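S.K.: Let's see this in three dimensions:
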Amino acid sequence: MEEIKRVVEVVKQQCVVKTIAGGGNGSIILFEIGEPVVYILYIYCTWRLEKGNEVLSGWNESPDPETGHLTLTINALEGDIIEEVSLSNFYDLSIHFKSSKRLTVFCDRTPNLEGDYTNWSFCDIHTNKCYTIDKNFSVQLDTYN
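M.R.: Numbering: from 1, shown residues only. Predicted coordinates for the structure are as follows:
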């Protein structure tokens, strides 16, 4: 647990350079982080974007690539700065942005789910490592390429 905490915390004060959400990706989110891009975060599980006491969007909203609320709210994070990242005991992520938005990621792919499922993956391009949280709440280490 401590290693994955250290790994994800490296994105503090880094810029979200690009987002991919909606369209063919559905509710799956991809963040390219750092300038030049150094880190990539893939989110496959349930998530919610909040600001203050307001829910801005969630994984179950329209992913239409042009007009979908999910797509528009996630894409609006491009250029935002990650200020804080925290991790729960079950690898749920909470990402706080300079814009006061918070992305909460819930690992809802659990051990009794049939098949091979991933909750989220965090990749470091320079070290060629990807850390993946699987349905068993285990950290799997693989190469990025």
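
S.K.: Tell me the bridge partners for the closest residue to residue 101 other than its chain neighbours.
M.R.: Excluding its sequence neighbours, the residue lying closest to residue 101 (C-beta to C-beta, 6 or more residues apart in numbering) is residue 51, at 4.8 Å. Glycine gets a C-beta too; all of them are placed from N, C-alpha and C. Residue 51 has these beta-bridge partners by DSSP bridges: residue 54, residue 101.

S.K.: count of neighbours near residue 51?
M.R.: When counting by other C-beta atoms under 10 Å, one arrives at 13 neighbours for residue 51.

S.K.: Who are the contact partners of it?
M.R.: Residue 51 makes contact with 99, 100, 101, 102, according to C-beta atoms under 8 Å, 6 or more residues apart in numbering.

S.K.: roughly how far apart are it and residue 76?
M.R.: For residue 51, the distance to residue 76 (C-beta to C-beta, to the nearest Å) stands at 11 Å.

S.K.: and if you look at residue 87?
M.R.: Counting by C-beta to C-beta, the separation of residue 87 from residue 76 is 24 Å.

S.K.: Give me the distance from stretch 86-103 to the chain's centre.
M.R.: In this view, stretch 86-103 has its centroid 9 Å away from the chain centroid, taken as C-alpha atoms, centre = their mean, to the nearest Å.
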